[in-house]
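> Let's see this in three dimensions:
(2 chains)
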There are 2 protein chains.
Amino acid sequence: MSLVEGGEVKKITDYEKLIKYFGVSKIEPILDRFKEPHRLLKRNIVFAHRDFDKILDEVDKGNIFAVLSGRGPSDRMHLGHLTLYEFNLYLQKKMGANVYIPFSDDEKYVFKKVESLEKAKYLALDNALDIIALGYDPRKTECFISTELPWVYKTAIKLSRHLTYSTVKAVFGFKGENNPGEIFYSCIQMAHILYPILVYNLPTVVPVAIDQDPYIRISRDVAEKIRVFKPAGIYLKYLRGLTGEPMSSSQPETCIFATDSPEEARKKIWNAFTGGQPTVKEQREKGGNPDICVVYEMLNIYFIEDDKEMEKLRSDCINGNILCGECKLKLTDYVIKFLEKHKREREKYKYKLKEFFIHEIDEDLLAKLP
Amino acid sequence: MSLVEGGEVKKITDYEKLIKYFGVSKIEPILDRFKEPHRLLKRNIVFAHRDFDKILDEVDKGNIFAVLSGRGPSDRMHLGHLTLYEFNLYLQKKMGANVYIPFSDDEKYVFKKVESLEKAKYLALDNALDIIALGYDPRKTECFISTELPWVYKTAIKLSRHLTYSTVKAVFGFKGENNPGEIFYSCIQMAHILYPILVYNLPTVVPVAIDQDPYIRISRDVAEKIRVFKPAGIYLKYLRGLTGEPMSSSQPETCIFATDSPEEARKKIWNAFTGGQPTVKEQREKGGNPDICVVYEMLNIYFIEDDKEMEKLRSDCINGNILCGECKLKLTDYVIKFLEKHKREREKYKYKLKEFFIHEIDEDLLAKLP
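The predicted model follows:
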C-alpha cells in the first residue's frame, strides 16, 4: 500500500488499516487520562496517537508541553480546518499546553497551491485570525510565517545534513518533476515540527490528519539522531464535506468557510448529502440512515455536545420521526450562530493579531483582512 | 565527458577542450574593449567569457553593470582566491562595476565543508575582510551572508518553481545520498547569481573558475524563463598551488593564506615545486623550465606587472642565468610585502566592515577576527 506520491498523500478512510499501516496506537486506552475529554475525543474523531502517553506523563507531573500545529495558507479556512484548532485550544485550556502555529507560505508556494508568496502571506494572516478568534491566549500561543523567520531556513539546513534524497524520496514519493523547493520542504517542515523542542526544550505533540504522519515519522527519526525529544502525534479522522466528498477549499459547495455569509451557509447546507429517503412518505415508513448522512455527521462532530441529544437524534432519524429538512434547519441554526459569533470574534482579535506573532507583521495586509 | 558528480565539479585543465565543452568564447577577441586591461587578462588567466560583450556594450554606453562574485566560507582565503577579487576590483575601479558578494555559509554547511553554520558565519566575516582590504569602495560594494538575508530563501523558492529535480540532477550529478539542502542549494546559488538583476535590474557578470559554469548556465535558463537579463560569465583558469597540485585550503603547504605569517610563507615558498635542474651545475648548463615552474607562474600571475621583466626572467631561466633559489627569494619578497601590506589593510578595514554588509553583523565575531 503506497500512500504517498509526489510529496502528497492519498486519502484512505479504513482506520483500522491505517492504524496498522502507520503503526500508531488507538486513543481509547488513554482516553481517561485526558481532563474533561473533548467531544472530538469522546466521539473518536481523534482516533489514534503516537507516544501521547509520554506527553500525558509530563502533564501528570504538572509540566507544560507544546502543541505544534502548522497551517498551509492556500485558501480561506473552513469548519473542518477549525476543528483541529478547536482541539488544540482544548489542549491549551484544559491540559496546559502552549500552542505553536507555523504558517507554511513556502510550502503552498513551492507546491503551486497558491500563485504568489505574497498571496500566501496574506492568507496566513487571514487564517491566523480565524484560528486565534476561537479564543487563544496570546501568552500561551506563538504564530510565525515560515519565510519571515530566518530561524526556519537555518534550522532546515542543519536538519538536512541528517537526511538524504533517498530517504525523503522513499517517504514522500518524490519524482523527477518535483522541484528542489518541494524536496527541501521536507526539511523546512521538520524545522517547524521541532521548533518547540529545539527552541524551548518542550515535549511536543503534533495533532494532524493521519495523512500527515510521514512528516512526523521522519522528524522523529531525525530527532533521535540529534538526541532531542521525539515529537508525539495525535491523529484526526478525515472529515467529509457537505456533498459527501472530502472537504476542499477549491470546491466551495463541500465546506462552510469561517467567513461565509449566513446566506451562503444556508444554501450549502440545503444542498447537503443526507441519509434520507427520496420522499417524505418513505422517510416516515423506512426511516433514514444517519451513518451515511453528512448533516448528522456535522451535528455530531462540530456542534452537539450532549451525548443524549445525539442519541435521540439518531433514533428519531432511524425511526422516521424526523425529516432531513428538519435536521438541515437545525444544522443551519448552529452554523449561522457560529458564523455570527466568529465574525464578531475576528473583529475583536484583528488588532490583537500581532501579539500572537513572533515577528513583525505587515500592517497593510492586516488592514485588508475581511 | 561528465564534469559533475554529487553536486561537485571535477577539475580539468585542457582549456581548449573546456571552451568547446562549455560553449564559451575566448577572451582575446574582446581584449581591446577592456580599459587598461588587467594583468590577468593580458596573461590569459582570464581566458574565456559568455556574453561579456553584452556587458561591454553597456559600458560603452556609459552604463554601470554588476559583478556578482560569491564566496563559500569554509576556510581562510589564499592568494588564489584573492586573485579573483583583485580582478573584480579592477572591474570596479576601471570599468565602473558595482560588486556584490554573497557569502554562502549555507552551501559550505550543507555540503559538510564546515562543521557548523556559526563557524561558516565567522569565516564569512574573516573572508569578507580579506576581500575588501584589497581596496573596495563601500559605495559600490554590497556583501551579505546567505542565511542572514531572508530575501535569499524567499527568492530561491520562487526560482525553484522554474526547475525540476531531473534538471538539477542532470546539471549537478546529484545522487541518492545527497541531502535535500544540497539539492535545494542549486536554487539558493541561483538567487545569489540573480541578486543584482532582480534587486537592481543591473546587467550582471559572474567571474568564476570554469568549473562553476553549470551554476551560471542553469541561472541563465531560469533568467530566460522569468524574462530578466541572462547573467554573463567570465572564466578564470585553475591556479596551481605551490606543490604543483591544485591549491587547497585543507593542504596548507599548497597555498599562501592571506593571513600567513612571513615565516610561514617563506617556508612554503622554499619547498615549492620548480622547473629547475637537480644541481646548480646542471641548471647553469641546461637551464630551467619556466612552463612547469610554480614559482615562475606565481610571479607571472600574482606579482610582476611589467611584461618585459617577465620576458627577461623567462629567458634567464631557460638560459641558466638564474637559479631556483633566486626566483624563490624574489617571490618571497613579493609575498611578504603583500602579506605585510594586507595585514595593515585588514586592520584599517576591520571596523569599516559593516559599511559593506547590507544586514547587521555580529560585533562579537568581528572582535575575534585576526
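> what's the first-to-last distance across stretch A:134-147?
25 Å (C-alpha to C-alpha, to the nearest Å).
> what is the mean pLDDT for it?
Looking at stretch A:134-147 alone, the average pLDDT works out to 98.
> Wondering if it reaches chain B at all.
Yes. Part of stretch A:134-147 sits near chain B under the criterion C-beta under 8 Å from any C-beta of the partner chain, namely A:Thr147. Backbone N, C-alpha and C define where each C-beta goes, glycine included.
> what sits up against that stretch?
A:82, A:85-86, A:89, A:92-93, A:97-107, A:117, A:121, A:124, A:128, A:131-132, A:152, A:188, A:192, A:345, A:352, A:355-359, A:361, B:150, B:153-154, B:157 (C-beta atoms under 8 Å, 6 or more residues apart in numbering or on different chains).
> Show me which of those are buried.
A:82, A:85-86, A:89, A:92-93, A:97-107, A:117, A:121, A:124, A:128, A:131-132, A:152, A:188, A:192, A:345, A:356-357, A:361, B:150, B:153-154, B:157 (16 or more other C-beta atoms under 10 Å in any protein chain shown).
> Give me the contact list for the helix or strand where A:Lys308 lies.
Per DSSP states H and E, A:Lys308 falls inside helix A:307-318. Helix A:307-318 is contacted from outside by A:42, A:275, A:287-290, A:293, A:296, A:299-300, A:304, A:321-322, A:327, using C-beta under 8 Å, 6+ apart.
> Filter the residues you listed down to the ones in helices?
A:42, A:296, A:327 (DSSP state H).
> mind listing what the last one touches?
Spelled out, that is A:Cys327. For A:Cys327, the contacting residues are A:274, A:293, A:295-296, A:299, A:313, A:317, by C-beta under 8 Å, 6+ apart.
> go with 7 Å
Taking C-beta atoms under 7 Å, 6 or more residues apart in numbering or on different chains, we find A:Cys327 in contact with A:295-296.
> before we move on, the earlier item: is it possible to get a markdown table of the contacts of helix A:307-318 that adds pLDDT?
Shown next, in a markdown table, are the contacts of helix A:307-318 (pLDDT from 0 to 100):
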| residue | pLDDT |
| --- | --- |
| A:Lys42 | 94 |
| A:Gly275 | 94 |
| A:Gly287 | 95 |
| A:Gly288 | 95 |
| A:Asn289 | 95 |
| A:Pro290 | 95 |
| A:Cys293 | 96 |
| A:Tyr296 | 96 |
| A:Leu299 | 97 |
| A:Asn300 | 95 |
| A:Ile304 | 96 |
| A:Asn321 | 96 |
| A:Ile322 | 95 |
| A:Cys327 | 96 |
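> and the residues you listed, which are buried?
Among these, the ones that count as buried (16+ other C-beta under 10 Å) are A:275, A:287-288, A:290, A:293, A:296, A:299-300, A:304, A:322, A:327.
> between those, which is nearest A:Asn179?
A:Asn300 (41.0 Å; C-beta to C-beta).
> Quick one: residues in contact with stretch A:252-264.
By C-beta under 7 Å, 6+ apart, stretch A:252-264 touches A:76-80, A:82, A:130, A:241-243, A:245, A:247-249, A:265, A:268, A:271, A:335-336, A:339, A:342, A:370.
> That should have said stretch A:356-366, apologies.
Contacts for stretch A:356-366 (C-beta under 7 Å, 6+ apart): A:121-122, A:125, A:128, A:132, A:136, A:138, A:141-144, A:148-149, A:353-354.
> One more pass at 6 Å, please.
A:122, A:125, A:132, A:138, A:141-144, A:148-149, A:354 (C-beta atoms under 6 Å, 6 or more residues apart in numbering or on different chains).
> Which of the residues you listed fall in helices?
Going by DSSP H, the helices hold A:122, A:125, A:132, A:354 from these.
> which residues in the stretch 251-370 of chain A form strands?
With DSSP state E, counting those that start in this stretch as the criterion, the stretch 251-370 of chain A has no strands.
> do the same with the stretch 51-200 of chain A
Going by DSSP E, counting those that start in this stretch, the stretch 51-200 of chain A shows strands at A:65-68, A:97-103, A:141-145.
> Dump the ones you listed to JSON lines, plus distance to B:Ile216.
Converted to JSON lines, those look like this (distance: least, C-beta to C-beta, whole Å):
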{"stretch": "strand A:65-68", "distance to B:Ile216": "40"}
{"stretch": "strand A:97-103", "distance to B:Ile216": "35"}
{"stretch": "strand A:141-145", "distance to B:Ile216": "32"}
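> What about A:Phe22, how many residues nearby?
18 (other C-beta atoms under 10 Å in any protein chain shown).
> who touches it in this structure?
A:Asp213.
> Show me which residues of chain A are close to chain B?
Counting by C-beta under 6 Å from any C-beta of the partner chain, chain A comes close to chain B at A:106, A:109-110, A:147, A:150, A:153-154, A:157, A:160-161, A:163-166, A:168, A:176-181, A:183-184, A:186-187.
> Put the buried members of those into a ChimeraX selection.
One line in ChimeraX is enough to select the buried ones among those; burial here means 16+ other C-beta under 10 Å:
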select /A:106,109,110,147,150,153,154,157,160,161,163,164,165,168,178,179,180,181,183,184,186,187
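> Tell me which entries of the residues of chain A next to chain B lie within helices.
Counted as lying in helices by DSSP H, out of the residues of chain A next to chain B, are A:106, A:109-110, A:150, A:153-154, A:157, A:160, A:165-166, A:168, A:180-181, A:183-184, A:186-187.
> Show the pLDDT at A:Pro246.
On the pLDDT scale, A:Pro246 gets 86.
> Apologies, that question was intended for A:Leu3.
For A:Leu3, the predicted pLDDT is 55.
> what about A:Val208, which SS state?
strand (DSSP: H, G, I helix; E, B strand; the rest coil).
> I'm done for today, thanks for sticking with me.
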